[in-house]
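Chemist: using only what follows, build the 3D model:
(one chain, ligands or ions: 1)
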Amino acid sequence: MGSSTLISDTDAWKDLKSHVEDIKKTHLRDLMSDTARCQSMMVEFDGMLLDYSRQRVTVNTVDKLYKLAEAAYLKEKIKRMYSGEHINSTENRSVLHVALRASRDEVICSDGKNVVPDVWNVLDKIRDFSERVRSGSWVGATGKALKDVIAIGIGGSFLGPLFVHTALQTDPEAMECAKGRQLRFLANVDPTDVVRSTVGLKPETTLVVVVSKTFTTAESMLNARTMREWISSALGTSAVAKHMVAVSTNLLLVEKFGIDPSNAFAFWDWVGGRYSVCSAVGVLPLSLQYGFPVVEKFLKGASSIDQHFYSAPFEKNIPVLLGLLSIWNVSFLGYPARAILPYSQALEKFAPHIQQLSMESNGKGVSIDGVPLPYEAGEIDFGEPGTNGQHSFYQLIHQGRVIPCDFIGSAKSQQPIHLKGEVVSNHDELMSNFFAQPDALAFGKTPEELHKENVPQHLISHKTFSGNRPSLSLLLPALNACNVGQLLAIYEHRIAVEGFIWGINSFDQWGVELGKSLATQVRKQLHASRTKGEPVKGFNFSTTTLLTRYLEATQDAPVDPPVSLLPRI
Ligand SMILES: O=P(O)(O)OC[C@H]1O[C@H](O)[C@H](O)[C@@H](O)[C@@H]1O
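Modeler: Reported below is the predicted structural model:
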């Protein structure tokens, strides 16, 4: 495909467009009765099973999707990513998060340099530092061990680590390693988040990790200054060296902030923020909480998917298949959303992480060459753990709008419970829903079936389920650190596949800039109005009215307080 050719101009895309009419004539009830078709839609890797037979596709559709992948040069684009080409062209950067979990002997180059030794230098430094903190050989300013960690960061410097932390929290091995320790996250610049993350903790036993790729993000920097104040007001300014460390690509700004450069953990511009959980961004806080050996298992899990994604043929390649099916649902069937429904409370924070990963990566309006897209790219992602979601928004999914669903389950529970006298174990109860919901969506319930059940006539239409609602099921063997790493990498690569097919740059995020620069103007205005009484000016009528009301309502707020005001907790 020439550099400015859009995928929608290719024959493969047009062929799929006309194929939609064939699929509209089918119902999943019928598609599901074709066992050979269903059999061909089961894919296994390392004990996990992907079943995409409940997608609105025939074997023919899938073949056409492979042709689309060819027309988009998918294989070549994957290779270009792994070989360190600057595929993030608007920022002139490589995209090498796969190098973050490569084994020591692998060679992955960016700009002609093997980056794997640099990755392992940082990992070794994290292993050493986290062991010293965990064993109590690194102590705080008063000589006490640091048993609690607050990780400051937002967006990619927060959501991935939070997802993995939540997933490991109830894993027996990780839980054992975390005994007596706490890991909390401070993301929002809302001062109430400071209270939430510090309540019950003491500065003398707390280590603060400031995580920011750029070290300029306004929210994280104010939170970092706030936590520096929290520590120094309790323990003196010299305590900062013992109680604050940083993760960043901008080590100069880390030093300027007052953090000892030897306590800074680097990563590199070839790691996108939302793809950074396997760098020190995630590995440092998680190693402090669970110990490096547990986190290493997570990295190995992610790495196993990196190899699978790179080398498995498309018919057996889980991230490729998932990406192609997403394209089919969004661009051809016209379903813009995706529900992420893990039947596991440990995966509670998976959907919020995927929201950033997917929507910041693929929510683009122009091609990688800057050409406006004649089709919509990106997916609207949301989700909650099942069964909680079933008692919340599933009504809409069953009888309202069509939303393709990802059902994610684990064969083994992290924490099995089986009560004497109960028909099934608690995990079997949970998983009964995991198996039932996809069928309810696909098959639905017909008026005829309802008549047979003697449902009164006036309720027939209310109780009818149209069915034909697509979903896919991913059954993991268990949910340990390795499986969590695998799940993360599957979605990272799936999202890249979607971006490669849509022909966009999934690795930049210019759309977040405008709001930030407007906030700078507002910040200046608030300061000028509060300190010099300047009237609100230079904004539109609506913003002027809102700002004026805000200033009036907070007239009693102290201006430039003589000492820092911190919440009393
Ligand atoms: O890690 P930082 O440089 O502090 O950036 C934190 C986040 O803020 C930015 O606005 C981007 O939208 C995110 O992609 C990024 O992860």
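
Chemist: ok, now which ones touch the spatially closest residue to residue 335 that is not a sequence neighbour?
Modeler: Of all residues not flanking residue 335 in the chain, residue 329 sits nearest, at 4.6 Å (Cβ to Cβ, 6 or more residues apart in numbering). From N, CA and C alone the C-beta is placed, and that goes for glycine too. Applying Cβ atoms under 8 Å, 6 or more residues apart in numbering, we find residue 329 in contact with 55, 56, 335, 338, 404, 470.

Chemist: now, which of the residues you listed lie within strands?
Modeler: Members of these lying in strands (criterion: DSSP state E): residue 338.

Chemist: ok, so of the contacts of residue 329, who is nearest the ligand?
Modeler: Comparing the contacts of residue 329 against the ligand with Cβ to the nearest ligand atom places residue 338 closest, at 20.0 Å.

Chemist: which other helices and strands contact the longest helix along the chain?
Modeler: Using DSSP state H, we find that the single longest helix of the chain is helix 481-502. Here helix 481-502 touches helix 74-82, helix 159-168, helix 292-311, helix 318-327, helix 350-362, strand 471-476, going by 3 or more Cβ pairs under 8 Å, 6 or more residues apart in numbering; DSSP states H and E.

Chemist: re earlier: just to be sure, the residue nearest to residue 335 is in a helix?
Modeler: Yes - looking at residue 329 with DSSP: H, G, I helix; E, B strand; the rest coil, it is inside a helix.

Chemist: one step back: and the contacts of residue 329, which is closest to residue 269?
Modeler: residue 338 (29.7 Å; Cβ to Cβ).

Chemist: pull the distance from stretch 388-407 to the chain's centre.
Modeler: Put simply, stretch 388-407 sits 21 Å off its chain's centre (Cα atoms, centre = their mean, to the nearest Å).

Chemist: and that stretch, what's buried?
Modeler: Within stretch 388-407, the residues that qualify as buried are 389, 390, 393, 394, 397, 398, 402, 403, 404, 405, 406, 407, counting by 16 or more other Cβ atoms under 10 Å.

Chemist: same question for stretch 547-555.
Modeler: Neighbour-count burial for stretch 547-555 [16+ other Cβ under 10 Å]: 547, 551.

Chemist: what parts of the protein come near the ligand?
Modeler: Applying Cβ under 6 Å from any ligand atom, one finds that the chain approaches the ligand through 154-157, 212-214, 217, 220, 273-274, 360, 509, 512.

Chemist: go again using 8 Å as the cut-off
Modeler: Taking Cβ under 8 Å from any ligand atom as the contact definition, the chain meets the ligand at 153-158, 211-217, 219-220, 248, 272-274, 276, 281, 356, 360, 509, 512-513, 516.

Chemist: give me the subset of those lying in helices.
Modeler: 219, 220, 281, 356, 360, 513, 516.

Chemist: can you pick the most crowded of the residues you listed?
Modeler: Each of these was scored for neighbours by other Cβ atoms under 10 Å, and residue 281 scores highest at 30 neighbours.

Chemist: per-residue pLDDT, that residue?
Modeler: Residue-level confidence at residue 281 comes out at 98, pLDDT.

Chemist: got it, and residue 566?
Modeler: 84.

Chemist: tell me the contacts of it?
Modeler: Residue 566 makes contacts with 194, 226, 229, 230, 233, as judged by Cβ under 8 Å, 6+ apart.

Chemist: what subset of the residues you listed is buried?
Modeler: The buried subset of the contacts of residue 566 (16+ other Cβ under 10 Å) comprises 194, 226, 229, 230.

Chemist: take those and write them to JSON lines, including secondary structure and pLDDT.
Modeler: Listed next are the buried ones among the contacts of residue 566 as JSON lines, based on DSSP: H, G, I helix; E, B strand; the rest coil; pLDDT from 0 to 100:
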{"residue": "194", "secondary structure": "helix", "pLDDT": "97"}
{"residue": "226", "secondary structure": "helix", "pLDDT": "97"}
{"residue": "229", "secondary structure": "helix", "pLDDT": "96"}
{"residue": "230", "secondary structure": "helix", "pLDDT": "97"}
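
Chemist: let me know the closest of the residues you listed to the ligand.
Modeler: residue 226 (15.2 Å).

Chemist: residue 194 is in contact with the closest one, correct?
Modeler: Yes - look at residue 226 against residue 194 with Cβ atoms under 8 Å: they come within range, at 5.7 Å.

Chemist: burial check on residue 560, number of neighbours?
Modeler: With neighbours defined by other Cβ under 10 Å, the count for residue 560 comes to 7.
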